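J.: Everything below, folded, please.
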Amino acid sequence: MRNILFFVFISLFGFSFAQQDSTNVYKKRVLETAEVDFLSSYYAQEGNNASVTGGIGTEELTDLTGTIVVSMPLNADDVLTVDVGFSAYTSASSSNGNPFDLSGASYQGSPWVTSSGASASDVWTSLNADFSHSSDDRNTIWNADVSFAAEYDYTSIGFGGGLTKLFNEKNTTLGISGKVYLDTWNPIYPTELNAYDDVNGDLSQGYFYGVSILDEFGDTSTDWSPINGFEVIKDKARNSYSLSLSLSQILSKNAQFSIFLDIVKQQGWLGNPLQRVYFSDVDNYYIGNAASIPNYTSKSNTDVFHLADDIERLPSSRLKVPFGFRLNYYLNEVFVLRTYYRFYSDDWGIQSHTFNLEVPIKLSTKFTLYPSYRYYNQTESDYFAPYDSHLSTDKYYTSDYDLSKFNASQYGFGLSYTDIFTKVHIFKFGLKSIDFKYNYYQRNSGLSANYLGIGFKFIKD
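T.: Next up, the predicted model:
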């Protein structure tokens, strides 16, 4: 299958590979020949704070991605890069958008049990294209890019560009770039809220017909209603605008230092309409086994579900400002130190620090080992509270633990194989490198994840 995809891509863009630039025959080309990258990764996580079920419940998720990146020299100065990717996931928490499966609310559900609802899995697809041009002296580079992505509940169109200037005999590099993403939600709501809206609050009709709704004491009740009768999303746009500035300086033959600053502005619907919120100052209502209500937050609960009070609601704007630096130092022919630090702040009350250290170890002329460690911590958003802790008088609220206070560590290693002579071939393309990476990630909230990634780079002879 990989060979077939490879052949299709090369055939599609082959006309560009054959072009020659007769006006710049004496100029060194920015990219000597076409390059093709095949990238794939597998990600699996588990935890107990699912935002779809209000901050409790299984967070089991698996994700498989695949990407093909084709870089093509159009002439001595210009390069076109196109990448196509997909991400196919299955999610226990997302499946509980409808915890009662497909047969109606008379079936029992639980935050700790995976549903077979339509939101249990999906495929995200993307297409990106970037054109870059270098000046004759290679001291000025500008680029422009466009992108498109789609998933079951949103679509995204992006475009941007950047300018890079090299000074001081190419020892100093300044960069500026901007991006715009125009996203549109196709809102998917929790089943009980969507059903309530469909029947205008009449619990004897539609999805709720013949279903027993229970109060917190296990008695049948018809008093449940979401806060404010549940207001659907009116503005379905979510737009992002970013400006990035960077400075890189070669300090010596062994050291390189760089700093960066990003300014990101988001506007529109910034919450997730599938994520439930529960309020501590309103009565609780359930569907399922009354005997399990007292142990609702325990994993032993497999047959009762708490009906939502509302979906998460967040401000319609957010300003993010990350600032950081990198320092790379060449110790000797075997060891290199790569360090990274980032400080992040936004107007939702979150501040964070990220530290990363990677130590490439050259094992031979062809193999390099990359052990790494990353530490991250952040403060809590002004709008976060755990399960059933918000007040109904709050204007904004979420129980998404990505916006909670936590710290996390990531341990990883990579192994790279490089063959500058490209002895292995597929068609007219030689294998230049193979890269493998593994990471283990763990938060103090209980979330943990494993990541495996592999990439192959081919170049045209």
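J.: Is Leu337 part of a helix or strand, or is it coil?
T.: When states are read from DSSP: H, G, I helix; E, B strand; the rest coil, the local structure at Leu337 comes out as strand.
J.: pLDDT at the residue lying closest to it once chain neighbours are set aside, what is it?
T.: Counting by Cβ to Cβ, 6 or more residues apart in numbering, Leu337 lies nearest to Tyr329, which is 4.5 Å off, once chain neighbours are set aside. From N, CA and C alone the C-beta is placed, and that goes for glycine too. For Tyr329, the model assigns a pLDDT of 97.
J.: Please apply the same query to the one 3 residues further on.
T.: Confidence per residue is given as pLDDT, and for Asn332 that number is 95.
J.: What distance do you get for it to Pro360?
T.: Using Cβ to Cβ, to the nearest Å, Asn332 is found at 12 Å from Pro360.
J.: The two: who's more crowded?
T.: The residue with more neighbours, out of Asn332 and Pro360, is Pro360; 19 against 8, by other Cβ atoms under 10 Å.
J.: show me where pLDDT drops low in the stretch 1-150 of the chain?
T.: Counting by pLDDT under 70, the ranges of the stretch 1-150 of the chain that qualify are 1-26, 101-107, 116-119.
J.: all helices of it, in order?
T.: 2-17, 92-95 (DSSP state H, counting those that start in this stretch).
J.: List the residues that contact the residue nearest in space to the middle of the chain.
T.: For the chain, the residue lying nearest the average C-alpha position, counting by Cα atoms, centre = their mean, turns out to be Ser87 (10.2 Å). Contacts here follow Cβ atoms under 8 Å, 6 or more residues apart in numbering; on that basis Ser87 touches Asp63, Leu64, Thr65, Val123, Trp124, Thr125.
J.: Kindly report the same for Asp83.
T.: The contact partners of Asp83, taken as Cβ under 8 Å, 6+ apart, are Thr67, Ile68, Val69, Val70, Ser126, Leu127, Asn128.
J.: same thing but 7 Å
T.: With contact set as Cβ atoms under 7 Å, 6 or more residues apart in numbering, Asp83 has these partners: Thr67, Ile68, Val69, Asn128.
J.: For the spatially closest residue to it that is not a sequence neighbour, grab the count of nearby residues.
T.: For Asp83, the nearest residue in space outside its immediate sequence neighbours is Val69; the separation is 4.1 Å by Cβ to Cβ, 6+ apart. Counted with other Cβ under 10 Å, the neighbours of Val69 add up to 19.
J.: How about Gln351?
T.: Residue crowding around Gln351 was assessed by other Cβ under 10 Å; the count is 12.
J.: Dihedrals phi and psi, it?
T.: Its backbone dihedrals place Gln351 at phi -130, psi 140, with angles given as degrees, to the nearest 10.
J.: now the end-to-end length of stretch 398-409.
T.: Using Cα to Cα, to the nearest Å, the end-to-end distance of stretch 398-409 comes to 24 Å.
J.: hmm, who's touching that stretch?
T.: Residues lying outside stretch 398-409 but in contact with it, judged by Cβ under 7 Å, 6+ apart, are 49, 51, 54-55, 271, 275, 277, 312, 314, 350, 375-381, 383-387, 441-445.
J.: Give me the buried entries from those residues.
T.: Judged by neighbour count, with 16 or more other Cβ atoms under 10 Å as the criterion, the buried members of these are 49, 51, 54-55, 271, 275, 277, 312, 314, 350, 376-378, 380-381, 383-385, 387, 441, 443, 445.
J.: Of those, which belong to strands?
T.: Secondary structure from DSSP state E places Val277, Tyr376, Asn377, Gln378, Tyr441, Arg443 of the buried ones among the contacts of stretch 398-409 in strands.
J.: State whether Gly158 and Asp183 are indeed in contact, as I suppose.
T.: No - applying Cβ atoms under 7 Å as the test, Gly158 and Asp183 come out as separate, 8.8 Å apart.
J.: Any idea what Asp215 is bridged to?
T.: Beta-bridge pairing for Asp215 (DSSP bridges): Tyr285.
J.: And Lys265, by the same measure?
T.: Listed beta-bridge partners, Lys265: Tyr241, Leu319 (assigned using DSSP bridges).
J.: and what of Phe148?
T.: According to DSSP bridges, beta-bridge pairing links Phe148 with Leu127, Ile157.
J.: mind listing what it touches?
T.: Phe148 is in contact with Ser126, Leu127, Ile157, counting by Cβ under 7 Å, 6+ apart.
J.: Ile259: which of those residues is nearest?
T.: If you rank the contacts of Phe148 by distance to Ile259 using Cβ to Cβ, Ser126 comes first, at 29.3 Å.
J.: how close does the closest residue to that closest one other than its chain neighbours sit to Thr67?
T.: If the residues on either side of it in the chain are set aside, Ser126 comes closest to Ala149, at 4.2 Å by Cβ to Cβ, 6+ apart. Counting by Cβ to Cβ, the gap from Ala149 to Thr67 is 12 Å.
J.: If anything else comes up later, I'll come back, but that's it for now.
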